[in-house]
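Novice: Let me see the structure of the following:
(one chain, ligands or ions: 2)
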Amino acid sequence: MTQRLLIKNASQIVTPKGNSAVRGADMKDVAIYENQSILIEDGTIVAIGDNPAWEKEIPTERQVDAKGKTVLPGFVDSHTHFVFGGYRADEFLWRMEGMSYMDIMERGGGIANTMKATREASEDELITHSLDFLKKMLAFGITTVEGKSGYGMDYDTELKQLRVMKRLEELQPVSIVRTFLGAHAVPPSYKDRNDEFIDFLIRDVMPTVAKEKLAEFCDVFCEKGVFSIEESRKLLTAAREQGFKLKIHADEIVTFGGSELAGELKCTSADHLLHASEAGIKALADNGVVATLLPTTAFCLKEPYAAARKMIDSGCAVALATDFNPGSGFTNSVPLMIALAVIYMGMTAEEAITALTLNGAAAVDRADRIGSVEVGKQADLVILQYPSYKFLPYHTGVNIVETVIKNGEIVHRA
Ligand SMILES: N=CN[C@@H](CCC(=O)O)C(=O)O
Ligand SMILES: [Zn+2]
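Specialist: Numbers count the residues shown, from 1 in each chain. Ligands and ions are numbered 1, 2, ... in the order given. Here you go, the predicted model:
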């Protein structure tokens with residue numbers, strides 16, 4: 001029997017439109033429907049309108065009254081590292097005392113610190129740890145999350161992280177898009193042997209990840225002192241040959257040319273971009289690479305924010321994501337991210353919505369299925385407790401998500 005759900009009388013339904021990333025000036029053009037309802041059948045949006053017959057046909061227990069509230073597409077957090085062992089609270093405080101992220105990394109802390117704890121953790125421990133994070137994400141309105149490996153940097157642990165994410169999909173409602181980030185740092189056992197480590201990933205790890213369909217994307221931390229442009233190009237080119245779609249951590253700490261490489265390789269997304277050059281921004285815009293910006297990381301690292309305004313004005317498709325991880329930004333606060341984007345990065349509220357929904361979906365190659373409230377799309381929805389989307393930045397830093405719907409079912413109520 002058809003399972004129906006009616007979201008009725010929403011003060012506003014606010015959504016970007018389309019099946020692909022929205023670029024440049026179009027990012028602000030969200031549709032706003034007032035006092036309309038959404039009819040869902042078997043997890044798919046089948047109508048948006050104000051047909052009085054719907055209320056009569058659908059049992060009251062399958063109706064959600066959204067009067068005085070705002071409905072948005074479920075948020076897509078397209079860049080996280082949420083499966084890891086241990087914490088790095090000390091490092092956070094060292095940074096506040098003046099040590100830099102790279103200083104800590106060069107002294108054997110940072111990613112290597114989490115690598116050790118992740119290697120030691122059992123699959124079940126990682127599951128328990130991650131379930132708690134996923135629950136918090138859902139409460140913030142995140143209905144799809146991308147998660148990366150990269151805290152193993154050896155065969156067993158990289159696969160363990162990816163398998164954990166696969167198992168987590170069955171245990172809770174948030175959809176998980178898996179990314180292989182074996183090239184997250186050079187592990188101590190390969191110190192100063194970057195080439196050999198890249199070869200090891202390409203030859204010994206990637207084929208299993210591909211064969212077992214453990215990841216859809218491959219990513220690399222392309223950065224001065226981590227992986228060079230040439231090493232990143234070699235890894236990503238091999239990854240594409242093995243069937244992966246591509247992502248890149250680019251120009252995070254210094255201007256390095258990662259954005260240009262993303263353009264050259266036509267990566268699905270290039271992420272961070274705090275120090276992307278003019279030519280890099282142009283390369284992203286010209287090649288349809290989603291520019292994924294991670295404001296909470298810049299905030300936690302006390303670094304300048306990415307040039308969101310300039311990117312949008314140059315025709316880029318910008319996405320916003322939390323980069324939730326134990327080091328550079330141990331926060332998955334969507335309200336904080338929106339506040340930073342609107343207050344400090346010059347994005348409008350409408351652009352921030354597009355960035356967090358349809359463009360986030362494009363950054364994980366799912367814009368044809370999710371990311372907007374449109375007939376035919378999967379019914380992943382967020383209901384805010386206020387009558388306008390403007391409350392998202394205005395009620396600054398506060399979580400105003402009241403109800404979350406995944407695949408046409410209520411999965412969270414505040
Ligand atoms: N910059 C590289 N990777 C992560 C941080 C990982 C960590 O510090 O544990 C990021 O995207 O910010
Ligand atoms: Zn990252």
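Novice: for the residue of the chain found nearest ligand 1, what are its contacts?
Specialist: Closest residue of the chain to ligand 1, Cβ to the nearest ligand atom: Gly327 (2.4 Å). For every residue, glycine as well, the C-beta is placed using N, CA and C. By Cβ atoms under 8 Å, 6 or more residues apart in numbering, the contact set of Gly327 is Arg88, Glu91, Tyr101, Gly110, Ile111, Asn113, Thr114.
Novice: how near is the first one to Val145?
Specialist: Put plainly, it is Arg88. For Arg88, the distance to Val145 (Cβ to Cβ, to the nearest Å) stands at 21 Å.
Novice: now swap in Ala53 and tell me
Specialist: Distance of Ala53 to Val145, computed by Cβ to Cβ: 37 Å.
Novice: With neighbour numbers in mind, choose between these two.
Specialist: Taking other Cβ atoms under 10 Å, Ala53 and Val145 do not tie; Val145 has more neighbours (28 against 7).
Novice: Quick one: classify the more buried one as helix, strand or coil.
Specialist: In three-state terms, and counting by DSSP: H, G, I helix; E, B strand; the rest coil, Val145 is strand.
Novice: Nearest spatial neighbour of the residue nearest in space to the middle of the chain, chain-adjacent residues omitted?
Specialist: When Cα atoms, centre = their mean is applied to the chain, the residue found nearest the centroid is Ser78 (1.7 Å). With Cβ to Cβ, 6 or more residues apart in numbering as the criterion, Ser78 has its nearest non-adjacent residue at 3.8 Å, and that residue is Ala363.
Novice: hang on, the one you found packs against Val76?
Specialist: Yes - proximity of Ala363 to Val76 meets the contact threshold set by Cβ atoms under 8 Å, at 7.5 Å.
Novice: beta partners of the nearest residue to Ile405 once chain neighbours are set aside?
Specialist: Of all residues not flanking Ile405 in the chain, Leu381 sits nearest, at 4.2 Å (Cβ to Cβ, 6+ apart). Here Leu381 sits in beta bridges with Pro73, Ile405, going by DSSP bridges.
Novice: quick one: Leu381 and Val373 touch, right?
Specialist: Yes - the criterion here is Cβ under 8 Å, and Leu381 meets it with Val373 at 6.7 Å.
Novice: Find residues that contact each of the two.
Specialist: Both Leu381 and Val373 are contacted by Ile38, Val71, Leu72, Pro73, under the criterion Cβ under 8 Å, 6+ apart.
Novice: Quick one: name the residues of the stretch 301-414 of the chain near ligand 1.
Specialist: Asp323, Asn325, Pro326, Gly327, Ser328 (Cβ under 6 Å from any ligand atom).
Novice: Mind doing that once more with 5 Å?
Specialist: Residues of the stretch 301-414 of the chain lying near ligand 1 by Cβ under 5 Å from any ligand atom: Asp323, Asn325, Gly327, Ser328.
Novice: got it, and the stretch 151-300 of the chain?
Specialist: Counting by Cβ under 5 Å from any ligand atom, the stretch 151-300 of the chain sits next to ligand 1 at Phe221.
Novice: hmm, 8 Å instead?
Specialist: 151, 181, 184-185, 221, 223, 226, 249, 252-253, 271-272, 294, 297 (Cβ under 8 Å from any ligand atom).
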